[in-house]
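Asker: Any chance you can model this:
(chains A and B)
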Amino acid sequence: MTGSEDIKTALTLTGVTFSYPRANALAGIDLTVPAGSYCGIVGPNGSGKTTLAFLIAGILRPTTGTLDTHGLRVGLVLSNPANQIVSLVVEEDIAFGPENMGLSGPEINARIDGALKAIHSEHLRKALTSTLSGGQLAKIAYAGQLAMDVDILVLDEGTVMLDPDSRSALLAQIRELNEGLNKTVVHITHRLEDLMASDMVLVMEEGVIRLTATSAIDLADRLSREESPGIEAGPELRYRCLLRALGIDDGDLRQATALLAEHIRASRT
Amino acid sequence: MVIECIDVYHRYEIPGDEWALAGIDLKIEQGEKVTIAGPAGSGKTTLLQLLDALMPPTRGDILYDGLSIHSLARQKRLPSVRRRMGVLFQFPEEQFFQETAYDELTFALRNFFGPGEVEIEQRAFAVTSGFNLDLERLKTTSPFSLSSGEKRKLALASALMMDPEILMLDEPTAGLDASGRRELLRIISSLKDTTVIIVTHNQEDFFGLTERIVGIAQGRKVFDGNKAELLAGIDLLESYHIKAPLVLQVFRWLRSAGAEVDGMPDDMEALIHSLAAALKRADHD
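Answerer: Numbering: from 1, shown residues only, chains lettered A, B, ... in the order given. Prediction:
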């Protein structure tokens, strides 16, 4: 690629289909994801999201069509991160990938340090994986991918069983990996509210991309007008849509609500 | 059946472990709908296991219609109360093991009570009639090939086959998409006489469904009240990392800013509806 005006591309899918022996999962996906972007994918259960994640990660190959990762490394974190933790001790778990890449001892050590630092969990280096919470396990799974120096992180759900505090902490972590470390993130979820930080959002339905939007709130706005059975904006985005329609764009919901209250009070006098 | 926890303490037999539950007093009447909310590790799942009489508490007592769990355990009569309760633990579909969805649905009834096949089928028909599950299809379908929403419904239906007086659900909507969640909530809200106890860290889904909210944090009961009391207790709960539903939070902010909407809304959709109406009135005036 030449010329500074070129925006590098992380992922290019052209006419990608995928069929399992008894079912068609993807029916023609065209998608370009710029490097360094945060791409969110939402859709009901069974819409083909996980199949797409497996294709991007190279676990499955397209039945027809082409998928190009432009020489970049792709890492996948499964919907239940506990399923991909392979060691009893955190540092050994993170070392698993680099060891299998044939790296030297000092290099592996440096990678463990770097990965733990990126997820602000240096203190967990010697911890037993069996003692970690769901949110911590997810972060360790991210660290395992970072230690393999992946450029593209594919995250399949991951917030389902987390309580609200752990969920926001994990979402902040994802955002930081994207913005701070410039990782391309492909984040699959059925909660649109998880995707507040993404800069493109795709809606999958029955194996195709049915809608694309530039942000979660834009998508929420469209969903409030056209019903999509498998996707909901969720309470926060629904509320933010109402505020935005009144020209209230304040990020802090409490302050935004105070402005809304002024609108209502003004109407009563 | 009335369940009553009296000063319940529970500790797992792991050396050095703290109390998982400490000093829980909780009485739940027949037919009540209760949400038990708490952050991860708060002890809410332990409480559910105790309420379900899976194990007696380390200290304190649990009464089932006045009968002590300890004396029931001594007399080996715990199954007699357990049989009157149905429980769905997290991701219940992971416990499926039968060849057909119908066998899954009828397994417990067939094995515990052993009625004839005609009676089992009648019961299955009655239970699933409001579920949008086709009984004939279930007979020829593997439970594993159902959609995730259908799997969760099948698990709930299996529990209801036993006609429990008390239904306990641990994170019943986790992992379901919007239509699966709506469908499940619709079914739960149709259970009028059954006691429903929902354990969750996400109250948002159940705010319209339950009248009473119990907050658990660090093994202790830190809140027990109705929605009006929850409104007053938002900050207290927040200090224990228990997040009130956003709709209630917004309702409170509006009220404190002098712009109250009529009546407490059941969910965000209802609140947005009232707000839209209030703003529309403004346009007309």
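Asker: tell me the mean pLDDT over whatever helix or strand A:Ala266 lives in?
Answerer: Per DSSP states H and E: A:Ala266 is located in helix A:253-268. Averaging pLDDT along helix A:253-268 gives 88.
Asker: May I see the buried residues of that helix?
Answerer: A:253, A:256-258, A:260-261, A:263-264, A:267 (16 or more other Cβ atoms under 10 Å in any protein chain shown). In this view, the C-beta of every residue, glycine as well, is placed from N, C-alpha and C.
Asker: out of those residues, who's near chain B?
Answerer: Among the buried residues of helix A:253-268, proximity to chain B is found for A:253, A:257-258, A:260-261, A:263-264, A:267 (Cβ under 8 Å from any Cβ of the partner chain).
Asker: Would you mind putting these into JSON lines with distance to B:Ala53 alongside?
Answerer: What follows is these, written out as JSON lines (distance: Cβ to Cβ, whole Å):
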{"residue": "A:Leu253", "distance to B:Ala53": "42"}
{"residue": "A:Thr257", "distance to B:Ala53": "45"}
{"residue": "A:Ala258", "distance to B:Ala53": "49"}
{"residue": "A:Leu260", "distance to B:Ala53": "48"}
{"residue": "A:Ala261", "distance to B:Ala53": "49"}
{"residue": "A:His263", "distance to B:Ala53": "53"}
{"residue": "A:Ile264", "distance to B:Ala53": "50"}
{"residue": "A:Ser267", "distance to B:Ala53": "55"}
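Asker: closest to chain B among these?
Answerer: Nearest to chain B among these, counting by Cβ to the nearest Cβ, is A:Ser267 at 2.5 Å.
Asker: Please list the outside residues in contact with stretch B:7-24.
Answerer: For stretch B:7-24, contacts defined as Cβ atoms under 8 Å, 6 or more residues apart in numbering or on different chains pick out B:5, B:25-26, B:43, B:46-47, B:50, B:57-62, B:216, B:219-221.
Asker: Residue numbers of the stretch 51-200 of chain A in contact with chain B?
Answerer: Near chain B, when you scan the stretch 51-200 of chain A using Cβ under 8 Å from any Cβ, you find A:133-135, A:157, A:160-166, A:190.
Asker: How many neighbouring residues does the residue nearest to B:Tyr240 when sequence neighbours are not counted have?
Answerer: Leaving aside its sequence neighbours, B:Tyr240 sits nearest to B:Ala217 (Cβ to Cβ, 6 or more residues apart in numbering or on different chains; 3.7 Å). If you count neighbours by other Cβ atoms under 10 Å in any protein chain shown, B:Ala217 ends up with 20.
Asker: roughly how far apart are B:Ala217 and A:Tyr142?
Answerer: Note on B:Ala217: its distance to A:Tyr142, by Cβ to Cβ, to the nearest Å, is 28 Å.
Asker: now do A:Leu242
Answerer: Separation of A:Leu242 from A:Tyr142 (Cβ to Cβ) stands at 34 Å.
Asker: With A:Arg175 instead?
Answerer: With Cβ to Cβ as the criterion, A:Arg175 and A:Tyr142 are 12 Å apart.
Asker: And the strands in chain A?
Answerer: According to DSSP state E, chain A carries its strands in the segments A:9-20, A:23-34, A:38-42, A:64-68, A:74-77, A:152-156, A:184-189, A:200-205, A:208-213.
Asker: got it, and the stretch 1-150 of chain B?
Answerer: B:3-10, B:21-28, B:33-37, B:59-64, B:67-68, B:85-88 (DSSP state E, counting those that start in this stretch).
Asker: relative to strand B:3-10, how tilted is the fourth one?
Answerer: The directions of strand B:59-64 and strand B:3-10 differ by 160 degrees, with axes from the mean of the first three to the mean of the last three Cα atoms, to 10 degrees as the criterion.
Asker: Rebuild the strands of the stretch 1-150 of chain B as a markdown table, extending it with mean neighbour count.
Answerer: Putting the strands of the stretch 1-150 of chain B into a markdown table (neighbours: other Cβ atoms under 10 Å in any protein chain shown) gives the following:
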| stretch | mean neighbour count |
| --- | --- |
| strand B:3-10 | 19 |
| strand B:21-28 | 18 |
| strand B:33-37 | 24 |
| strand B:59-64 | 18 |
| strand B:67-68 | 15 |
| strand B:85-88 | 22 |
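Asker: Would you mind saying which of these lies nearest A:Val201?
Answerer: Closest of the strands of the stretch 1-150 of chain B to A:Val201 is strand B:33-37, at 29.7 Å (criterion: Cβ to Cβ).
Asker: which residues touch the closest one?
Answerer: Residues contacting strand B:33-37 (Cβ under 8 Å, 6+ apart): B:28, B:44, B:47-48, B:195-201, B:203, B:206-207, B:209-216, B:237, B:242.
Asker: I'd like to know which of those residues are buried.
Answerer: The buried subset of those (16+ other Cβ under 10 Å) comprises B:28, B:44, B:47-48, B:195-201, B:203, B:206-207, B:209-210, B:212-216, B:237, B:242.
Asker: and the closest residue to chain B within the stretch 51-200 of chain A, how many neighbours does it have?
Answerer: Minimum separation of the stretch 51-200 of chain A from chain B (Cβ to the nearest Cβ) falls at A:Asp163, amounting to 3.7 Å. Neighbour count for A:Asp163, taken as other Cβ under 10 Å: 22.
Asker: Kindly report the same for the one 3 residues further on.
Answerer: Burial measure for A:Ser166: 21 neighbouring residues, criterion other Cβ under 10 Å.
Asker: Next up, the contacts around it.
Answerer: By Cβ under 8 Å, 6+ apart, the neighbours of A:Ser166 are A:133-135, B:40.
Asker: Return the closest of these with respect to A:Thr17.
Answerer: Nearest member of the contacts of A:Ser166 to A:Thr17, counting by Cβ to Cβ, is A:Gly134, at 34.4 Å.
Asker: Now do the contacts for that closest one.
Answerer: Going by Cβ under 8 Å, 6+ apart, A:Gly134 touches A:81-82, A:161-162, A:166, B:40.
Asker: Got the phi and psi for A:Ala127?
Answerer: For A:Ala127, the backbone dihedrals are phi -70, psi 150 (criterion: degrees, to the nearest 10).
Asker: got the contact list for the nearest residue to it once chain neighbours are set aside?
Answerer: Leaving aside its chain neighbours, A:Ala127 sits nearest to A:Val90 (5.0 Å; criterion: Cβ to Cβ, 6+ apart). Residues in contact with A:Val90 (Cβ under 8 Å, 6+ apart) are A:116, A:121, A:124-129, A:132, A:140.
Asker: Sweet, I'm off.
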